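In: just a sequence and a predicted model for now, questions to come.
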Amino acid sequence: MPAGSAENLTELAIAATYRMSGHNSVQAMTNNASTTATTAETATSAETAAAAPAAPAAPSPDAPRGGRFASKAPARPAPAAIAVGAAFSVLALVALVALGEAMDQVLLVPPLAASAALVYGAPALPLSQPRSVIGGQLLSALTGFAVLAASGSTVWGSAVAGGLALGVMMLARTPHSPAAATAVIVVVTEPSALTFLPLLALATAVLVLFGVIAGRTGRTPRYPTYWW
């Protein structure tokens with residue numbers, strides 16, 4: 001083969017090799033660019049998904065409605081719990097009246113109706129437990145008698161008795177808000193301590209007894225959560 005032809009063939013081979021090398025490099029660069037773009041798209045999608053707020057949970061049927069007048073009050077109790085609470089409240093208060101009639105005494109005083117509302121309407125609260133119902137009522141009555149002895153039966157004294165009763169109950173760890181009214185009644189009505197205190201103890205024990213029965217129906221929280 002002539003020398004010139006060999007040189008031409010060599011040059012053509014070298015040129016072809018360069019062209020193939022360049023093509024492979026371009027293809028590699030293209031593949032790298034595609035991979036980078038795909039990775040970027042995946043990362044962007046992940047960031048978008050992470051930044052997107054979670055879908056709100058479906059509202060409970062008893063959840064407060066929206067709007068300006070939405071209430072933050074607890075959800076309404078189950079109908080069975082409402083029925084049991086109201087029924088036992090009526091039964092307990094009627095039982096107090098019946099016992100009072102049988103003894104020719106007054107057992108049902110207004111604060112006891114408020115005590116019944118706590119025992120049967122919110123039996124899990126500390127204010128509703130036997131320690132608070134019985135202890136709070138008796139301590140408040142004693143506070144009323146102490147104020148009555150010191151100041152006599154005056155409206156000023158009744159106000160002081162109601163406030164002091166709260167402090168006494170807090171000190172004794174027997175919180176029971178209706179009992180503050182018992183101290184006021186003692187100062188205003190001037191009952192005999194020897195009669196009033198035993199009757200009050202009996203009446204509060206009846207309320208607790210009916211509360212225990214109501215708590216065994218399975219329709220309301222078990223009562224009491226503690227005795228002492």
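Out: Good, I have the coordinates. Note that this is a predicted model, so its numbers are computed, not measured.
In: hey, which helix or strand in the chain has the poorest pLDDT?
Out: helix 3-51 (a mean of 48; mean pLDDT, DSSP states H and E).
In: okay, and the closest residue to Glu190 other than its chain neighbours sits in which element?
Out: Residue nearest to Glu190 in three dimensions, not counting chain neighbours: Ser153, with 5.0 Å by CB to CB, 6 or more residues apart in numbering. For every residue, glycine as well, the C-beta is placed using N, CA and C. Following DSSP states H and E, one finds Ser153 outside all helices and strands.
In: my guess is Ala141 contacts Val186. True?
Out: Yes. Under the criterion of CB atoms under 8 Å, Ala141 makes contact with Val186 at 5.6 Å.
In: got any residues that touch both of those two?
Out: Shared contacts of Ala141 and Val186 (CB atoms under 8 Å, 6 or more residues apart in numbering): Phe196.
In: looking at these two, which is more packed in?
Out: Per other CB atoms under 10 Å, whichever of Ala141 and Val186 has more neighbours is Val186, with 29 against 24.
In: mind listing what's buried in the helix or strand containing that one?
Out: Here Val186 is covered by helix 178-189, with elements defined by DSSP H and E. For helix 178-189, burial by neighbour count (16 or more other CB atoms under 10 Å) applies to 178-188.
In: can you tell me what sits against it?
Out: Identification of contacts with helix 178-189 by CB under 8 Å, 6+ apart yields 109-112, 114-115, 117-118, 136-137, 139-141, 143-145, 147-148, 151, 153-155, 157-159, 161-166, 169, 196, 200.
In: now the buried members of those.
Out: Buried residues within these, counting neighbours by 16+ other CB under 10 Å: 109, 111-112, 114-115, 118, 136-137, 139-141, 143-145, 147-148, 157-158, 161-162, 164-166, 169, 196, 200.
In: residue nearest the centroid of the protein?
Out: Residue closest to the average C-alpha location in the chain (CA atoms, centre = their mean): Pro74, at 7.2 Å.
In: distance between stretch 95-103 and the chain's centre?
Out: 37 Å (CA atoms, centre = their mean, to the nearest Å).
In: residues contacting that stretch, please?
Out: For stretch 95-103, contacts defined as CB under 8 Å, 6+ apart pick out 106-108, 112, 202-203, 206-207, 210.
In: which one of those is nearest to Ser89?
Out: Phe210 (8.3 Å; CB to CB).
In: quick check: the closest one touching Ala92?
Out: Yes. Under the criterion of CB under 8 Å, Phe210 makes contact with Ala92 at 3.9 Å.
In: joint contacts of the two?
Out: Residues touching both Phe210 and Ala92 (CB under 8 Å, 6+ apart): 119-120.
In: higher neighbour count, these two?
Out: Taking other CB under 10 Å, Phe210 and Ala92 do not tie; Ala92 has more neighbours (25 against 22).
In: got the buried residues for the helix or strand harbouring that one?
Out: If you go by DSSP H and E, Ala92 is part of helix 79-103. Within helix 79-103, the residues that count as buried by 16+ other CB under 10 Å are 81, 84-85, 88-89, 92-93, 95-96, 99-100.
In: can you lay out those as a markdown table showing pLDDT and distance to Tyr226?
Out: Below are these laid out as a markdown table (pLDDT from 0 to 100; distance: CB to CB, whole Å):
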| residue | pLDDT | distance to Tyr226 |
| --- | --- | --- |
| Ala81 | 93 | 21 |
| Val84 | 95 | 21 |
| Gly85 | 96 | 20 |
| Phe88 | 97 | 20 |
| Ser89 | 97 | 22 |
| Ala92 | 98 | 20 |
| Leu93 | 98 | 24 |
| Ala95 | 98 | 24 |
| Leu96 | 98 | 24 |
| Leu99 | 97 | 27 |
| Gly100 | 97 | 29 |
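In: I'm done for today, thanks for sticking with me.
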